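S.K.: predicted structure and sequence below. I'll ask about it afterward.
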Amino acid sequence: MTQPDQRLAGRTGLITGAASGIGAAGADLFAAHGAALVLLDTDRAGGQRVADAITARGGRAVFHAGDAASPDDVARAALFLSCAESSFTTGTPLLVDGGVTA
């Protein structure tokens, strides 16, 4: 199987709805192409599982529990990108919305 190119290397993404479905698939794809990711979802176990799977494959991802429908939760995840703890922030954002389901 051919390895994906690294077209997103040097970019950082904030993906909402990252614990499952389109959000998780997008996180896997973006990480495979080199993006460093902050993952946001209300499903703590699922979100952490996606982040762990990405890092196990050599990618860079951290999970933050939160609701994409909450401006405060999204702001906290985005603020993480500018803190010292977020060592992989590149200054080149790549925002992705995995969607919200009812």
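M.R.: Arrived safely.
S.K.: low-confidence ranges, the protein, go.
M.R.: Under the criterion pLDDT under 70, the flagged ranges of the chain are 1-3, 84-102.
S.K.: that one: helices as residue ranges?
M.R.: If DSSP state H is used as the criterion, the helices of the chain fall at 21-32, 44-56, 71-80.
S.K.: can you redo the ones you listed as TSV with mean neighbour count and distance to residue 7?
M.R.: In this view, the C-beta of every residue, glycine as well, is placed from N, C-alpha and C. Putting the helices of the chain into TSV (neighbours: other C-beta atoms under 10 Å; distance: least, C-beta to C-beta, whole Å) gives the following:
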stretch	mean neighbour count	distance to residue 7
helix 21-32	20	10
helix 44-56	17	17
helix 71-80	14	23
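S.K.: adding distance to residue 6, write the ones you listed out as JSON lines.
M.R.: Below are those laid out as JSON lines (distance: least, C-beta to C-beta, whole Å):
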{"stretch": "helix 21-32", "distance to residue 6": "9"}
{"stretch": "helix 44-56", "distance to residue 6": "15"}
{"stretch": "helix 71-80", "distance to residue 6": "23"}
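S.K.: out of those, which is closest to residue 63?
M.R.: Across the helices of the chain, residue 63 has its closest neighbour in helix 44-56 (4.1 Å, C-beta to C-beta).
S.K.: between that closest one and helix 21-32, how many degrees?
M.R.: Calculated by axes from the mean of the first three to the mean of the last three C-alpha atoms, to 10 degrees, helix 44-56 forms an angle of 20 degrees with helix 21-32.
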